[in-house]
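**Q** Quick one, structure for this:
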Amino acid sequence: MDVRYLELLCELAERGSITGVARATHRTPSAVSQHLRSAERAFGVPLVEPAGRGVRLTDAGRVLADAGRDVAQSVARAQARWDDYRGQPAGRVTVAALPSAAAFLLPGVFRDLDGIPIQLRLTDLDIAEAQYAAQVVDHDIVIGHSLQPAVAGAAAVHTIELVREPLDIAMARGHRLASQPAVTAEDLADEEWIGVPTGYPFDTVRLAVETAVGRALRIAQRIRDNRLVEALVAGGDRVAVLPRFTTPIGEVVLRPLAGIATGRHVFAMLRPDRAERRAVQRVLDALLRVGASFANR
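**A** Below is the predicted model of the structure:
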């Protein structure tokens, strides 16, 4: 049984298309298709079938793709034992992270890893909550967030909560509500908001306020970048939802929202095989330590 065929089928199961496999493995789509035909000849059964304009795995293909995952995890365990024998985790670890979480977690992680031969390679990803789990196909560790204590779409992914970060209501220092120690949904009902795109976790806070007051809020803009949100809030009378750990207190002030749970859960997500690597485990340990240092702020 050629392990390369199992790896190919596993890639197709995770990426969903020949084009996706070709891009990830630095091959042409025709080369991937040819390799799939060779796999079918080797196993003697159809492994893919037409599906719209693409292909999908047959039942036999799915069995072998699952076997490919098992092989990848066994290889990772062997690498972990070899790392133990050599005495120290080493190598490259790729991390894809939500920027607003990376901003308070990653500086401490780099300090924690100082002097250890692990090369950390960071990619910043600002995407919808439900899309983070899928990024484990291309990265060793993915850092995402959710307002729920579970990650959307992560059934086949290892998930570890790093920290729960409060989400506060941001306003200009001179705003009429800034003198209050906290604000309520009723305080905010008539305010104009700087929101985030639909599907992003912070939008859940807006929806909770709408539910509490029984009417829609006025959303002036929907913006992804927290720094831009801060600038717009500081320069006017609008309010927004911003994370407590990374929002600089200056022209913008933060006030907790009374009566509504507004914390976001920040998670690390990993493929089971990559979670076996000692270097990946060492980076995860550093993330957990840094996250714990923010837990009670």
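**Q** Next, residue 19: secondary structure please.
**A** helix (DSSP: H, G, I helix; E, B strand; the rest coil).
**Q** For it, grab the count of nearby residues.
**A** Residues lying near residue 19 (other Cβ atoms under 10 Å) number 13. Quick note: C-beta positions are derived from backbone N, CA and C, even for glycine.
**Q** go on, residue 170?
**A** Residue 170 has 26 nearby residues by other Cβ under 10 Å.
**Q** cool, residue 21 as well?
**A** Neighbours of residue 21 using other Cβ under 10 Å come to 24.
**Q** pretty sure it contacts residue 15?
**A** Yes - using Cβ atoms under 8 Å, residue 21 is in contact with residue 15, at 5.3 Å.
**Q** Residue 79 is in what secondary structure piece?
**A** Using DSSP states H and E, residue 79 sits in helix 59-86.
**Q** what's that helix packed up against?
**A** helix 3-15, helix 272-275, helix 278-293 (3 or more Cβ pairs under 8 Å, 6 or more residues apart in numbering; DSSP states H and E).
**Q** Give me the distance from that helix to the chain's centre.
**A** Mean C-alpha position of helix 59-86 versus that of the full chain (Cα atoms, centre = their mean, to the nearest Å) differs by 23 Å.
**Q** Taking their axis directions, it and helix 278-293 sit at what angle?
**A** Relative orientation of helix 59-86 versus helix 278-293 (axes from the mean of the first three to the mean of the last three Cα atoms, to 10 degrees): 80 degrees.
**Q** Buried residues of helix 59-86, list them for me.
**A** The neighbour-count check on helix 59-86 (16 or more other Cβ atoms under 10 Å) flags 60-61, 64-65, 67-69, 71-73, 76, 79-80, 83 as buried.
**Q** Reformat those as JSON lines; add distance to residue 188.
**A** Shown next, in JSON lines, are these (distance: Cβ to Cβ, whole Å):
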{"residue": "60", "distance to residue 188": "56"}
{"residue": "61", "distance to residue 188": "52"}
{"residue": "64", "distance to residue 188": "54"}
{"residue": "65", "distance to residue 188": "49"}
{"residue": "67", "distance to residue 188": "54"}
{"residue": "68", "distance to residue 188": "51"}
{"residue": "69", "distance to residue 188": "47"}
{"residue": "71", "distance to residue 188": "54"}
{"residue": "72", "distance to residue 188": "49"}
{"residue": "73", "distance to residue 188": "48"}
{"residue": "76", "distance to residue 188": "48"}
{"residue": "79", "distance to residue 188": "52"}
{"residue": "80", "distance to residue 188": "50"}
{"residue": "83", "distance to residue 188": "52"}
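**Q** Quick one: those residues as JSON lines, columns for pLDDT and distance to residue 170 too.
**A** Listed next are the buried residues of helix 59-86 as JSON lines, based on pLDDT from 0 to 100; distance: Cβ to Cβ, whole Å:
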{"residue": "60", "pLDDT": "94", "distance to residue 170": "54"}
{"residue": "61", "pLDDT": "92", "distance to residue 170": "50"}
{"residue": "64", "pLDDT": "92", "distance to residue 170": "51"}
{"residue": "65", "pLDDT": "90", "distance to residue 170": "46"}
{"residue": "67", "pLDDT": "91", "distance to residue 170": "50"}
{"residue": "68", "pLDDT": "88", "distance to residue 170": "47"}
{"residue": "69", "pLDDT": "85", "distance to residue 170": "43"}
{"residue": "71", "pLDDT": "88", "distance to residue 170": "49"}
{"residue": "72", "pLDDT": "85", "distance to residue 170": "44"}
{"residue": "73", "pLDDT": "84", "distance to residue 170": "44"}
{"residue": "76", "pLDDT": "80", "distance to residue 170": "43"}
{"residue": "79", "pLDDT": "80", "distance to residue 170": "45"}
{"residue": "80", "pLDDT": "79", "distance to residue 170": "44"}
{"residue": "83", "pLDDT": "79", "distance to residue 170": "44"}
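**Q** so how far is residue 200 from the spatially most central residue of the chain?
**A** By Cα atoms, centre = their mean, the chain has its centre lying nearest to residue 144, at 2.8 Å. From residue 144 across to residue 200, the span is 11 Å (Cβ to Cβ, to the nearest Å).
**Q** Equivalent analysis for residue 18, please.
**A** From residue 18 to residue 200 the distance is 31 Å (Cβ to Cβ).
**Q** which of the two has more neighbours?
**A** Per other Cβ under 10 Å, whichever of residue 18 and residue 200 has more neighbours is residue 18, with 22 against 18.
**Q** about what we covered before: so which of the helices and strands packed on helix 59-86 is nearest residue 105?
**A** Checking those against residue 105 by Cβ to Cβ gives helix 278-293 as the closest, at 5.2 Å.
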